[in-house]
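K.L.:
from the sequence below, what's the structure:
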Amino acid sequence: MSSESLERFAGSYRWVKYPRSTLGKLIALVPGPYWIVVQANEDTSLSLSFFGTDAEWRYVPVKQHVFKQVEGGPQLLAGLQVDPGDTLVFRQNQAGEVTYGFVSLQNMAFERLAWYESAEAQLGTMGSLLLLFVSAVVLWPLSALIERLRKRTRAPDPTRRRVLWVGWMVSALNLVFLLVLLLSFGEGLVYGVPLPIRVILVIPIVTSILSVVFLALAVIAWMRGTWSLVSRLYYSLIALASVLFVLFAGYWNMLGWRF
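P.N.:
Model prediction:
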């Protein structure tokens, strides 16, 4: 099998055993054993590794969709000796797309992920949202303070103040939610939901509604040509980030109390 043919097996995968319809799905967001990466090598072998670890196993094709381990063996992972097994098998759908992989380790299966479901995409999205919301929470009040210190003589604009207040409120609430989530969740979500997360689950519901208003205000700003071009671009960027946060929260079952 050529290295080009092996590319159809390469991609991001995730173990199939995790909660799908409840908040416990967040456990699959934890970097480590839940994320699996399959890479095609130039020597016509496949490398299987767990996201965020140095452990790696190599397999070579022996039959259609069947691979045998040639390198790796038992390796230490999170204090445990782990070996996926000497056989790696893939399954494809009717369209010929590889959808699942199987290993001997406790007869485990893993599913192939779309690009937006991959570890890099999900963690990158969360990190980007954090940075954008931090910038909005800091920069908007800071710019207002700088203007006041410079004693600019400009007539007060209540409309502009209300528009910025909506954006700041959405950004601040989403930022608080993400920070509390990062500090609170872990494998314990499989067995129960900590009180801090139960309380802050109201935030995505509130910001989902406010995000619609936020995005509408950004559209109105462009239609009326208010503010400078840079200000409109930045305001629109934060508005789009708030919408992306709603999609992110929905994907991980964080809209409502789903536990």
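K.L.:
CA only for contacts and neighbour counts going forward, please
P.N.:
OK.
K.L.:
other SSEs contacting the helix or strand where Leu237 lies?
P.N.:
Assigned by DSSP states H and E, Leu237 belongs to helix 229-251. If contacts are counted by 3 or more Cα pairs under 8 Å, 6 or more residues apart in numbering; DSSP states H and E, helix 229-251 sits against helix 119-149, helix 158-184, helix 202-224.
K.L.:
what sits up against the last one?
P.N.:
Defining contact as Cα atoms under 8 Å, 6 or more residues apart in numbering, one finds that helix 202-224 is touched by 163, 166-167, 170, 173-174, 177, 227, 232, 235-236, 239-240, 242-243, 246, 249, 254-256.
K.L.:
show me which of those are buried.
P.N.:
Buried by 16 or more other Cα atoms under 10 Å: 163, 166-167, 170, 173-174, 177, 232, 235-236, 239-240, 242-243, 246, 249, 254-256, out of the contacts of helix 202-224.
K.L.:
strands paired with the worst-scoring helix or strand of the chain on mean pLDDT, and their directions?
P.N.:
Every helix and strand in the chain was compared by mean pLDDT, DSSP states H and E; the lowest is strand 75-77, with a mean of 76. Here strand 75-77 has these sheet partners by DSSP bridges: strand 80-82 (antiparallel).
K.L.:
in the next helix or strand after the strand it pairs with, what's buried?
P.N.:
Using DSSP H and E, the helix or strand that follows strand 80-82 towards the C-terminus is strand 87-92. By neighbour count, and taking 16+ other Cα under 10 Å as the criterion, the buried residues in strand 87-92 are Thr87, Leu88, Val89, Phe90, Arg91.
K.L.:
hey, what's the first one bridged with?
P.N.:
For Thr87, the beta-bridge assignment (DSSP bridges) gives partners Lys68.
K.L.:
quick check: it touching Leu105?
P.N.:
No - between Thr87 and Leu105 there is no contact under Cα atoms under 8 Å: 9.3 Å.
K.L.:
secondary structure element holding Val62?
P.N.:
Val62 belongs to strand 56-63, assigned by DSSP H and E.
K.L.:
and the average pLDDT for that strand is what?
P.N.:
Across strand 56-63, the average pLDDT comes to 93.
K.L.:
adjust the sequence numbering to begin at 18 for everything that follows.
P.N.:
Sure thing, new numbering starts at 18, so read that last one as strand 73-80.
K.L.:
which strands border that strand, and is each parallel or antiparallel?
P.N.:
strand 63-67 (antiparallel), strand 83-88 (antiparallel).
K.L.:
Gly89 reaches Glu73, doesn't it?
P.N.:
Yes - counting by Cα under 8 Å, Glu73 is a contact partner of Gly89 at 6.2 Å.
K.L.:
so what sits against both of the two?
P.N.:
Joint contacts of Gly89 and Glu73 (Cα under 8 Å, 6+ apart) do not exist.
K.L.:
list of residues touching the helix holding Leu254?
P.N.:
146, 149-150, 153, 184, 187-188, 191, 221, 224-225, 228-229, 231-232, 235-236, 238-239, 243, 272.
K.L.:
buried members of those residues into PyMOL, please.
P.N.:
Applying 16+ other Cα under 10 Å to those, the buried members can be selected in PyMOL as follows:
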select buried, resi 146+149+150+153+184+187+188+191+221+224+225+228+231+232+235+236+238+272
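K.L.:
using TSV, please lay out the helices and strands packed on helix 246-268 together with mean pLDDT and distance to His82.
P.N.:
Formatted as TSV, the helices and strands packed on helix 246-268 follow (pLDDT from 0 to 100; distance: least, Cα to Cα, whole Å):
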stretch	mean pLDDT	distance to His82
helix 136-166	90	24
helix 175-201	89	38
helix 219-241	94	43
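K.L.:
indicate which one of those helices is closest to Trp32.
P.N.:
Between Trp32 and the helices and strands packed on helix 246-268, the shortest gap by Cα to Cα is with helix 136-166, which sits at 12.5 Å.
K.L.:
which other helices and strands does that closest one contact?
P.N.:
So helix 136-166, by 3+ Cα pairs under 8 Å, 6+ apart, packs with helix 175-201, helix 246-268.
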